[in-house]
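Visitor: sharing a model that was predicted from the sequence below.
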Amino acid sequence: MPLQVQGEILSVKRVGAYQAMTVVAPGIPELTRPGHFLAVQVGGPESSMLLRRAFAIYDVKDRGVYGGTVEFVFAVHGKGTAWLSQRRPQDKLDVVGPLGKPFRLPKNPVNVTLVGGGYGSAPLLPLATALRERGCRVDIVLGAGTADRLFGFMEAKRMADSLAVTTDDGSIGLHGRVSDVLPAVLDKSRADVVYACGPMAMLRAVTDQAAERGIPCQVAVEESMACGIGVCMTCVLPVVGDDGLTRMVRSCVEGPVFLGDRVRWDDVGTVPLDTVGAITAPGAHR
Amino acid sequence: MPLQVQGEILSVKRVGAYQAMTVVAPGIPELTRPGHFLAVQVGGPESSMLLRRAFAIYDVKDRGVYGGTVEFVFAVHGKGTAWLSQRRPQDKLDVVGPLGKPFRLPKNPVNVTLVGGGYGSAPLLPLATALRERGCRVDIVLGAGTADRLFGFMEAKRMADSLAVTTDDGSIGLHGRVSDVLPAVLDKSRADVVYACGPMAMLRAVTDQAAERGIPCQVAVEESMACGIGVCMTCVLPVVGDDGLTRMVRSCVEGPVFLGDRVRWDDVGTVPLDTVGAITAPGAHR
Amino acid sequence: MTDLTTKLAGVTFPNPVFTASGCAAAGRELDQFFDVTRIGGVVTKSIMLDARSGRATPRMAETPSGMLNSIGLQGPGIDQFLEKDLAWLADRGARAVVSIAGGSVDDYAKLAQRLRGHPAVSMVEVNISCPNVEDRGQVFACDPRASSGVVQAVRQNTAAGTPVFAKLSPDVTDITTIAKACVDAGADGLSVINTLLGMVIDTTTMRPALAGITGGLSGPAIRPVAVRCVWQVHAALPDVPILGMGGIRTGLDALEFLLAGASAVSVGTTVFGDPTAPVRVLAELEHALAERGIARLADVIGLAHRPPVPSVPESPDPVGDEPVVDLRRSFDDTFEETS
Amino acid sequence: MTDLTTKLAGVTFPNPVFTASGCAAAGRELDQFFDVTRIGGVVTKSIMLDARSGRATPRMAETPSGMLNSIGLQGPGIDQFLEKDLAWLADRGARAVVSIAGGSVDDYAKLAQRLRGHPAVSMVEVNISCPNVEDRGQVFACDPRASSGVVQAVRQNTAAGTPVFAKLSPDVTDITTIAKACVDAGADGLSVINTLLGMVIDTTTMRPALAGITGGLSGPAIRPVAVRCVWQVHAALPDVPILGMGGIRTGLDALEFLLAGASAVSVGTTVFGDPTAPVRVLAELEHALAERGIARLADVIGLAHRPPVPSVPESPDPVGDEPVVDLRRSFDDTFEETS
Ligand SMILES: Cc1cc2nc3c(=O)[nH]c(=O)nc-3n(C[C@H](O)[C@H](O)[C@H](O)COP(=O)(O)OP(=O)(O)OC[C@H]3O[C@@H](n4cnc5c(N)ncnc54)[C@H](O)[C@@H]3O)c2cc1C
Ligand SMILES: Cc1cc2nc3c(=O)[nH]c(=O)nc-3n(C[C@H](O)[C@H](O)[C@H](O)COP(=O)(O)OP(=O)(O)OC[C@H]3O[C@@H](n4cnc5c(N)ncnc54)[C@H](O)[C@@H]3O)c2cc1C
Ligand SMILES: Cc1cc2nc3c(=O)[nH]c(=O)nc-3n(C[C@H](O)[C@H](O)[C@H](O)COP(=O)(O)O)c2cc1C
Ligand SMILES: Cc1cc2nc3c(=O)[nH]c(=O)nc-3n(C[C@H](O)[C@H](O)[C@H](O)COP(=O)(O)O)c2cc1C
Ligand code: FES
Ligand code: FES
C-alpha cells in the first residue's frame, strides 16, 4: 500500500559521483522493505516534465526529529535528475512509495552473496543489515565504472564477511567486472543465494553464474517507467511464469525484484514470439 | 539596441503588495530611458512556460559594486510571476532590455503632471527625476485599488511639487479614482503635458481629461506580448498615425509609450473597420 | 454546494471526473491512493478478445509537457478481464466504463456481446483508433465508413440502457465528419480525444526512441488540440454528450473542457505523475464552480459557445465617433526625439 | 570541423538553421541580437498582396510548452514588403526565403510574379494553410487538389533557379497525400509543419481566450507531431528536400529533425523566449555533430530511417536457446513471502 507524501528535503549530500538525498516522508519508512523504490516528482509546478523519477530506497528512519525519513542515492542522468541535484534542504518533494515488490528474505540463516553495480548497491546495504540480523553470512561484491561511482564501500566493508571490489578502470579494487570475481566468491563462501542490483548486463551475468551453480538469484531490474504504480504498462519485460509461459510483466508492481533465471535476458527489449498474446498481426500504437 | 543578458538577482524586496527585484544586468542600465521595459525568462530550463514576462524598468544603476543593475516592480498575477516571486538573491535571471520606445522628454522646462496607477507608477518615478533635472514643475497623481498597491508614495512625495493620491477603497488618500482628482491638478498646476502609466481604463480617462484641455499626453500601455521585440505581432492595438490612418501597431516596439489621443481606446481589442488592411473576408488563423 | 451530477446519454453519474482508458488499468492500483467509487467512473484499459502481449520496449518517451506511448494494447483478453477486473470493479461498487478494441468489426461485435447486460458496465467506450486488419491496417477512426461500421456493430450488440461512446482520433482533417458518422451509426456519445500520432528520435542512438517507431502523444501539450476538438464536435452536434479528455491536470482544465461542450472528462496521463489526480481535479472543479456561483454543473456545459453577456452597452460609445483631436503638432514642438 | 552546408533543391546554404515564417518578421529586429547573415536563411512572415490588419486581440495564449496564435497574417502587402523588408535583407546580405499567402490561386500567382527574379529571394515558401475564399474558407493545405492548384501557380510564375517549397499543415488525415500532391504540382521541396489548430478557453471569462476563437499551436509541445510528419514525408518521398520545424529549441532538437529526414530546420516560437536562439541552436548542432564524429551534415539527413548497425551479432545467442533452469522450487523453499 504505497503512499503519496508531500515531503520535505532534510539533507542532500555528495557521495562520490552521486548525491544522497534524505526526505521527510512520514508513513513511508514503516512500510519499506529492502528492494522497494520511490517515485519522485521533478521540475516544480510549471515543469514540462510530467513523469516521476524512480529511485531505489537506500535507508529509512522510522522516526527522526522531523518524522520518518527516506534516503535515496542518485546519479545525474538527464534533466529530471539535474533538477533534483539543485534541490536544497527545506525544499518540498512529492514522493510516492514504497513501490514494487521487495527482495524476499531467506527463511533460514544461509550464506548470501550480494552483488551491486554503481548506485545499485544502495538497496543492497539495508538488505545486508536485514540478512545479518537473521544470522546469514553475507559476502558482498561491488563494482563500478570508476572509484567515485562505487557506492557504499565503507558500509559494506564494515558489514560483510568479505568484500570484493572491481572497477572498469582499476581506480579502486580489481581492474575488471564483478563477473570476473563473482565465481570465486560464490565458491569460497559456499553461497546459498545471490541478490543483485545494477545494470542489466551485470544482472544477466550474475544470473548466469548463479544458475551454473544451481543457486537461486534475485535481481532488481531497472526499466523505463512512466507511472511506477502499475497502470501504464510501459515498464514491462519478458519473464517466465510458474506455468512456464512467458509474459510481458510490469517491473514496477511485479518487480523490480525478479528471480534472475525467470527473466529472458536475451529478449529484453523485444516480445519473444512465444510470449502469451504476442502480436503477430500489425498492431495499434496505443 | 536591446541586449540579452544572463543576469543575477541581487535583491528581492517586498513593497506592499508588490515585489521589487534588482538584477545585475551589465550593459542594460546605460541604454535605459524612462518608459523602457524588460522581458524576463521565467520557470527555469525545463519550464513549460516559453514566453518572457514584460516589466517596466523602475530604476537602473550604471555601476554598482556588482556591475550595472536594473530594478523592476511586479505583482504576482499568474504562474510566471508566481515563479518570479520565489527567486532569491544569486539566482540567475535571463533578461532582455531595454525594450520599447521610452517617454519623450519636453524640450523646455514646462509643467508636467504624472499619473500612475498601481505598479504603473514605477516607470514614472525615474521620469520624474529626469524632468526635475530639466527644471520642470512635476505634479504627481497616484492611484491604486488599496493602500498596499500604491507604489512609490514616499518617493513621489519627496520629488513632486504636489502629490495627490486616490484609492478605490479609501484606505489611503482620497476615496475614488485618479480621474476624480486629475482635472483639479491639471488646472491648478497649469499642466503643459501629461504622462500616464497604469490600467487601460485609467489611461483612457487621463487621455480624455488632457484632451479636453488641449494638453498633449503620453501613455504607456500594457498589451499581452509573446516576444516583446517586434517579431510576433501579438501586442497590437489600433493607433492613428501621422497620416490620420488607423493601423494595428505593435506596442512592444512602436510603444509601449503612445500619444494618448492617437490610441483608439474604444476599439482596443477590435480591428476597427477603417483600419488599414482590415479583414473583411474570413481570415486565416495564423 | 454545486450539483455535480452529470448525465451521459441517460445514465447519471455522481460527478463528471473519470479516469482515461489505458491510464488507470482497471482501477485497482489507483484504489490504493483514493477510493475509486468517489469519482464519476473508471474507464478501463481497452480490452481485446484475446490476451495480447503489446509491443516491445521502449514503450514510452517523455516529451515537453507530454509523453509518447506505444503500449500496443497489452491486456489479458476479455475472459480474464470479466473474471478478474470487471468482477473487482463490481465488488468495489465502482462505475465501470469498459473500453473495447479490435482489429475487425467482428471483434468489436463479439466484445460487445460479452459485455452485454453485465451489471457492472455503466457504459461502453469504443476505441476506434485501432488498425483495421481487413483494410491494410488503416485506422478505423480515420475513415467515417470504417468508424461507422464498428459503432453500429457495438450498438447492435449492446443492451439498450447502456450508452455506447465512440472515441475519436484528432489525427483527421475534419473531426466532425467522423463524429457525425459515429452518431449516425448509433453512438450515444463521443469520447474526445485519443492521442496524437507522434515520434521522438533518440539523438544518442540516432534511431527512433520507441520500439514501435511512432506512438501516441498525450498530456497537457495536447490540451489546446483537445479543447478545439471538443468545441468543434459540440458545435456540430450540440445534443450529443461528450466525454472530454487530453491533458487535463487541474480542475480549471476540466472546466475548460466542460465550457467547450463536454459533459464529463477523463484524467489520463496526469495520473502517472500524480496518482491522486482524479480526486484532486474533482475537488478543484467543485471549488471553481462554487467560486463562479454555479449551482449546477449542467449550466456550464458548452457555455463558452454562447455569446458573452455584454459588459458595456452594445450601442457605439459616442466618444468613439468624435473626431480625433490631433495634438501631433503641439507634441513635436514640445518633445525631444528619443534616441 | 563538420561541413554544415546543405542543399535545398539545388540551392546551397551555408548551414541548415533558418528562422520560421511569422516568428522573425523580416529579420531586422533579430539582427539586433545576432548577425542574421550567420544563419542559413531568414524565412519572412507570410506576405499577402495587400496590406492586412490581422485579427483582433487577444492574439495569443501561452499553453503548456507551447502557445496559440491567431495573428491573421497582419502585414504591409507585397509592395511595401519588397520596398522595405526585402530591400533591407538584400542590403544586409542575408539569404531570404519569402513566404507568401493568399486567398485564391490567383493571389499566389500574382505574388510569385512580383517576386520573380528578385536577386534577394533564395527560395519561396508557399503557406497553404490559408482559407480558400473561393471554397467556403476551406484551408488549401487540407485538400490535395487545392494544394496542388496553388503550388502549380507559384511554380509556373517563379524563376527556374528559385526553389518553391510548399508548407504543409499537420491537421490532415494523411500528410503524405498532400505532400505528394504538392510535389506532383511542381514543389521542389516541403516545409513541415505549420501549426496545429488549437483553442484555449479562459476559465475566468468562460469564453475563448483568443478573439479569433481558434489559433495555431506551436512550440516544443508539438515537436513529436512535427518529427512524425517529417519522418512520414521523408519515408514517402525520400528524394524531396524538407525544411523541418515545430518546437525546435536546442541543437539536439534540430538534429532530431535532420535524422528524421529534414535537410534544414526553422526555429520559430523559441525565438520569442530567446531571441538569440537561431545562432545558439546552430552552435549546439555543430557541437553535437562533431561529438558524434560526423564530417558532413548531409550524412545525418534521414539517418534514423536506416536500419541500425547491429551492436550484437544477429545470429541467435546460444544462451537464449538453452532450456530455462527452473529454480522456483528451491526458491520457495528458501525464501519467505513478502507481505
Ligand atoms: C526501479 C528503479 C530504481 C532506480 N533506482 C535508481 C537509483 O537508486 N539511483 C539512480 O540514480 N537511478 C535509479 N534509477 C534510474 C532513474 O530512475 C533514472 O536515472 C531517472 O529516471 C532519469 O531521469 P532523468 O530525468 O534524469 O533522465 P531523462 O532521460 O531526461 O528521463 C526521461 C524519462 O525517461 C525515464 N528514464 C530515463 N532513464 C531511466 C532509467 N535508467 N530507468 C528508469 N527510467 C528512466 C525517466 O524516468 C523519465 O521519465 C532507477 C530506476 C528504476 C526503474
Ligand atoms: C510593457 C509592459 C510592462 C509591464 N510592466 C509591468 C510591471 O512593471 N509590473 C507588473 O507587475 N506587471 C507589468 N506588466 C504586466 C506583466 O507582464 C504581467 O503581469 C505578466 O506577464 C503576467 O505573467 P504571469 O505568468 O504571472 O501571468 P499568466 O496569466 O500566467 O501569463 C500568461 C501569458 O500571458 C501574458 N500576460 C498575462 N497578463 C499580461 C499582462 N497584463 N500584460 C502583458 N502580458 C500578460 C504573459 O506574459 C504570459 O505570456 C507589464 C506588461 C507590459 C506589456
Ligand atoms: C500509456 C497510455 C495508454 C493508453 N491506452 C489507451 C487505450 O488502451 N485505449 C484508449 O482508448 N486510449 C488510450 N490512451 C489514450 C487516453 O485514454 C487519452 O485519450 C489520451 O491519453 C489523452 O488524455 P491525457 O492527455 O489526459 O492522457 C492511452 C494513453 C496513454 C498515455
Ligand atoms: C506568432 C506566429 C506567427 C506565425 N505566422 C506564420 C506565417 O505567417 N506563415 C507561416 O507559414 N507560418 C507561420 N507560423 C508558423 C511557424 O512558421 C511554424 O511553422 C510553427 O510555429 C511551428 O514551428 P515552431 O514550433 O518552431 O514555432 C507562425 C507561428 C507563430 C507562433
Ligand atoms: S511504470 Fe507504469 S505500469 Fe509500470
Ligand atoms: S510582442 Fe511580439 S511583436 Fe510585440
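Guide: Cool, the structure landed. Ligands and ions are numbered 1, 2, ... in the order given.

Visitor: going forward, measure contacts and count neighbours with C-alpha atoms only.
Guide: Noted.

Visitor: so where do the helices sit in the chain?
Guide: With no chain named, the answer covers chain A. With helices called from DSSP state H, chain A shows them at A:28-31, A:79-85, A:124-133, A:153-159, A:178-189, A:200-212.

Visitor: meant chain C, my bad for not saying
Guide: Secondary structure of chain C (DSSP H): helices at C:78-80, C:87-92, C:105-115, C:144-156, C:175-184, C:223-236, C:251-260, C:270-273, C:277-291, C:318-321, C:328-334.

Visitor: domains for chain C, by residue range?
Guide: Segmentation of chain C into domains, based on automatic domain parsing, reads C:6-305, C:311-339.

Visitor: these: lowest mean pLDDT?
Guide: Lowest mean pLDDT of the domains of chain C: domain C:311-339, a mean of 51.

Visitor: hmm, the worst-scoring helix or strand of chain A on mean pLDDT in reach of ligand 1?
Guide: Across the helices and strands of chain A, mean pLDDT, DSSP states H and E gives its lowest value to strand A:53-64, namely a mean of 91. Yes. Strand A:53-64 comes into contact with ligand 1 (Cα under 6 Å from any ligand atom), by way of A:53-56.

Visitor: could you dump the residues you listed to TSV with distance to chain B?
Guide: Output for those, formatted as TSV (distance: Cα to the nearest Cα, whole Å):
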residue	distance to chain B
A:53	15
A:54	19
A:55	21
A:56	24
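
Visitor: looking at those residues, state which has the most neighbours.
Guide: The member of the residues of strand A:53-64 next to ligand 1 that has the most neighbours, counting by other Cα atoms under 10 Å in any protein chain shown, is residue A:56 with 28 neighbours.

Visitor: distance check, that one against ligand 3.
Guide: Applying Cα to the nearest ligand atom, to the nearest Å, the value for residue A:56 to ligand 3 is 23 Å.

Visitor: for the closest residue in space to that residue that isn't next to it in sequence, give me its contacts.
Guide: Leaving aside its chain neighbours, residue A:56 sits nearest to residue A:37 (4.1 Å; criterion: Cα to Cα, 6 or more residues apart in numbering or on different chains). Applying Cα atoms under 8 Å, 6 or more residues apart in numbering or on different chains, we find residue A:37 in contact with A:54-57, A:97-100.

Visitor: make a markdown table from the helices of chain A and add mean neighbour count, distance to ligand 6 and mean pLDDT to it.
Guide: Below are the helices of chain A laid out as a markdown table (neighbours: other Cα atoms under 10 Å in any protein chain shown; distance: least, Cα to the nearest ligand atom, whole Å; pLDDT from 0 to 100):
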| stretch | mean neighbour count | distance to ligand 6 | mean pLDDT |
| --- | --- | --- | --- |
| helix A:28-31 | 19 | 48 | 95 |
| helix A:79-85 | 17 | 29 | 96 |
| helix A:124-133 | 20 | 55 | 96 |
| helix A:153-159 | 15 | 57 | 93 |
| helix A:178-189 | 16 | 58 | 95 |
| helix A:200-212 | 19 | 50 | 95 |
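
Visitor: check the gap between the residue nearest to residue A:56 and residue A:151 for me.
Guide: 17 Å (Cα to Cα, to the nearest Å).

Visitor: ok so, going back, buried deepest among the domains of chain C, which one?
Guide: Stretch with highest mean neighbour count among the domains of chain C: domain C:6-305 (a mean of 22; mean count of other Cα atoms under 10 Å in any protein chain shown).

Visitor: quick one: it near ligand 5?
Guide: No. Contact of domain C:6-305 with ligand 5 (Cα under 6 Å from any ligand atom) is absent, the minimum separation being 7.3 Å.

Visitor: which bits of the stretch 101-250 of chain C sit near ligand 2?
Guide: With the criterion set to Cα under 6 Å from any ligand atom, the stretch 101-250 of chain C never comes near ligand 2.

Visitor: on that earlier part again, pick out the most distant pair among the residues of strand A:53-64 next to ligand 1.
Guide: The most widely separated members of the residues of strand A:53-64 next to ligand 1, counting by Cα to Cα, are A:53 and A:56 (10.3 Å).

Visitor: would you mind finding the longest strand in chain C?
Guide: Criterion DSSP state E: the longest strand present in chain C is strand C:121-127.

Visitor: can you tell me the closest non-neighbouring residue to the closest residue to ligand 4 within the stretch 51-200 of chain A?
Guide: At 20.8 Å from ligand 4, residue A:79 is the closest residue in the stretch 51-200 of chain A, using Cα to the nearest ligand atom. Counting by Cα to Cα, 6+ apart, the nearest residue to residue A:79 once its immediate chain neighbours are dropped is residue B:46, at 7.5 Å.

Visitor: quick check, distance from stretch C:247-258 to the centre of its chain.
Guide: Counting by Cα atoms, centre = their mean, to the nearest Å, stretch C:247-258 is centred 11 Å from the centre of its parent chain.

Visitor: can I get that stretch in CSV, CA atoms only?
Guide: Extracted C-alpha coordinates of stretch C:247-258, given in CSV (Å, rounded to 0.1, in the frame of the first residue of the first chain):
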residue,chain,number,x,y,z
GLY,C,247,-4.0,16.9,-21.0
ILE,C,248,-6.3,17.6,-18.0
ARG,C,249,-4.2,18.4,-15.0
THR,C,250,-6.3,20.7,-12.8
GLY,C,251,-9.9,21.5,-12.0
LEU,C,252,-9.7,24.6,-14.2
ASP,C,253,-8.5,22.4,-17.1
ALA,C,254,-11.6,20.2,-16.5
LEU,C,255,-13.8,23.3,-16.5
GLU,C,256,-12.3,24.3,-19.8
PHE,C,257,-13.5,21.1,-21.4
LEU,C,258,-17.0,21.5,-19.9
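
Visitor: residues in contact with that stretch?
Guide: C:218-223, C:226-227, C:230, C:244-245, C:264-270, C:277, C:280-286, C:288, C:300-303, D:200-203, D:206.

Visitor: so is that stretch next to ligand 3?
Guide: Yes. Stretch C:247-258 reaches ligand 3 (Cα under 6 Å from any ligand atom) through C:247-248.

Visitor: how about the longest strand of chain C and ligand 3, any contact?
Guide: Yes. Against ligand 3, strand C:121-127 shows contacts by Cα under 6 Å from any ligand atom at residue C:127.

Visitor: so what does that strand touch, helix or strand wise?
Guide: Contact here means 3 or more Cα pairs under 8 Å, 6 or more residues apart in numbering or on different chains; DSSP states H and E; on that basis strand C:121-127 packs against strand C:96-100, strand C:164-168.

Visitor: angle of that strand against strand C:164-168?
Guide: 30 degrees (axes from the mean of the first three to the mean of the last three Cα atoms, to 10 degrees).

Visitor: partner strands of strand C:121-127, with direction?
Guide: When pairing is defined by DSSP bridges, strand C:121-127 lines up against strand C:96-100 (parallel), strand C:164-168 (parallel).

Visitor: list the contacts of that strand.
Guide: The contact list for strand C:121-127 (Cα under 8 Å, 6+ apart) reads C:11, C:46, C:95-101, C:115, C:151, C:154, C:162-168, C:191.

Visitor: on that earlier part again, my guess is the residue nearest to residue A:79 contacts residue A:44. True?
Guide: No. Residue B:46 is beyond contact range of residue A:44, at 9.5 Å (criterion: Cα atoms under 8 Å).

Visitor: and the residue of chain A closest to ligand 4?
Guide: residue A:48 (15.2 Å).

Visitor: and that residue, how far is that from chain C?
Guide: 4 Å (Cα to the nearest Cα, to the nearest Å).

Visitor: how about the residues of the stretch 1-150 of chain C near chain A?
Guide: The stretch 1-150 of chain C comes close to chain A at residues C:22-25, C:29-30, C:32-33, C:50-60, C:62-67, C:69-74, C:129-131, C:133, C:137, as judged by Cα under 8 Å from any Cα of the partner chain.

Visitor: the same query, at a cut-off of 7 Å, please.
Guide: Counting by Cα under 7 Å from any Cα of the partner chain, the residues of the stretch 1-150 of chain C close to chain A are C:22-25, C:29, C:32-33, C:51-60, C:64-66, C:69-73, C:130-131, C:137.
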